[in-house]
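Visitor: Predicted structure and sequence below. I'll ask about it afterward.
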Amino acid sequence: MIPESLKEEVYNCIKCGLCVNSCPVYKQLLFEGASPRGKVQLIKKILEGDLEPSENFHLLLFTCLLCETCTVQCPSGLKVDRLMKAMRAEMLEKFGLAWQKRVLFHLLSGRHLLPFFLFWGRNLGNPLLSLLPRKGRLGTIPYGKLPRLNPRPLRKQYPEKIPASEPAGRVLYFTGCATQYLFENVGHSVIAVLKRLGVEVLIPPDQVCCGLPIFLSGARKTALQNMRKNLEIFSREDVDAR
Ligand code: SF4
Ligand code: SF4
């Protein structure tokens, strides 16, 4: 359900177009329906019951990068990105999720399947990536810029508790999937800085994906399960920061 306050916002759009030229999606696609203004007007018609949401509208909704540029530009204070997110959730019942997303979100919601698949991805995918031609692209990303999986997941490289001799504090560290599986250098740096500051670092091993990719696809109930799981783990009272 879209909150009433958000629904009301569509009437604040004065169609000034200030959001249009700053939208990176509009700059590429160059038609009104791809612009924030166009999407807001389509959403307004759908909410009023004058327009049946079509497959095309659903596709348009997912062209939005949720970058918030339009929201920042809007003189009427429309939270365009929030409207898009809410509409994605609203459309879930009618259009469902693509099978690729269903598989991915299933992996991201569990604790065991993702590490299993990434183990094979690391051992098979990383060597394969280095065999790809330098000039090729996957979508718009050059092969050379595709991220390699960490040689070992970050949380496997550290104990659950990294002690400090005279602790200046105690921190619970949520690594997130990107640091855990792709950008271990970020995690190493965070831990090194905290150690340097004399802070004890606790890295809960059973933390799960934050659920953001799931939430942004509109599957809010599934995302909520991940959020609840992490909240349980990170609600400890015996730490100074999380
Ligand atoms: S949030 Fe979406 S509609 Fe707004 S500027 Fe970014 S891509 Fe365009
Ligand atoms: S900037 Fe705001 S008011 Fe102007 S067209 Fe875009 S959404 Fe509507």
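Guide: Yes, it's here. Ligands and ions are numbered 1, 2, ... in the order given.

Visitor: can we go C-alpha only for contacts and neighbour counts from here?
Guide: Will do.

Visitor: Quick check: which ranges of this structure have low pLDDT?
Guide: Applying pLDDT under 70 to the chain picks out residues 111-113, 116-117, 119-121, 123-125.

Visitor: and it, what are its domains?
Guide: Split into domains by automatic domain parsing, the chain comes to 4-95, 103-234.

Visitor: Reformat these as JSON lines; add distance to ligand 1.
Guide: Shown next, in JSON lines, are the domains of the chain (distance: least, C-alpha to the nearest ligand atom, whole Å):
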{"stretch": "domain 4-95", "distance to ligand 1": "4"}
{"stretch": "domain 103-234", "distance to ligand 1": "12"}
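
Visitor: Redo those as JSON lines? Include mean neighbour count.
Guide: Formatted as JSON lines, those follow (neighbours: other C-alpha atoms under 10 Å):
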{"stretch": "domain 4-95", "mean neighbour count": "16"}
{"stretch": "domain 103-234", "mean neighbour count": "16"}
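
Visitor: For residue 240, which of those domains is the nearest?
Guide: Using C-alpha to C-alpha as the measure, domain 103-234 is the one of the domains of the chain that comes nearest residue 240, at 5.4 Å.

Visitor: what's the spacing between that closest one and its chain's center?
Guide: How far domain 103-234 lies from its chain's middle: 13 Å, per C-alpha atoms, centre = their mean, to the nearest Å.

Visitor: The chain should start at 58 in everything you say after this.
Guide: OK, 58 is where the count begins now, so the last one is domain 160-291.

Visitor: From start to finish, how long is it in a straight line?
Guide: Terminal residues of domain 160-291 lie 27 Å apart, using C-alpha to C-alpha, to the nearest Å.

Visitor: which residues of the protein fall in helices?
Guide: All helices of the chain, identified by DSSP state H, fall at 61-66, 81-86, 93-104, 112-118, 126-130, 137-152, 156-166, 170-177, 183-188, 233-234, 241-253, 269-273, 277-291.

Visitor: Rebuild those helices as CSV, extending it with distance to residue 202.
Guide: Below are the helices of the chain laid out as CSV (distance: least, C-alpha to C-alpha, whole Å):
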stretch, distance to residue 202
helix 61-66, 39
helix 81-86, 21
helix 93-104, 30
helix 112-118, 27
helix 126-130, 25
helix 137-152, 28
helix 156-166, 22
helix 170-177, 19
helix 183-188, 10
helix 233-234, 19
helix 241-253, 16
helix 269-273, 21
helix 277-291, 29
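
Visitor: Could the C-alpha coordinates of stretch 240-252 be exported in PDB?
Guide: Backbone C-alpha positions of stretch 240-252 (Å, rounded to 0.1, in the frame of the first residue of the first chain) are rendered in PDB as follows:
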ATOM      1  CA  PHE A 240      35.700  -5.500  -2.000                       C
ATOM      2  CA  GLU A 241      37.700  -7.000   0.900                       C
ATOM      3  CA  ASN A 242      40.100  -4.100   0.800                       C
ATOM      4  CA  VAL A 243      37.300  -1.900   2.300                       C
ATOM      5  CA  GLY A 244      36.800  -4.400   5.200                       C
ATOM      6  CA  HIS A 245      40.600  -4.700   5.800                       C
ATOM      7  CA  SER A 246      40.900  -0.900   6.000                       C
ATOM      8  CA  VAL A 247      37.900  -0.600   8.400                       C
ATOM      9  CA  ILE A 248      39.300  -3.200  10.700                       C
ATOM     10  CA  ALA A 249      42.800  -1.800  10.500                       C
ATOM     11  CA  VAL A 250      41.600   1.700  11.500                       C
ATOM     12  CA  LEU A 251      39.500   0.400  14.400                       C
ATOM     13  CA  LYS A 252      42.500  -1.700  15.600                       C
END
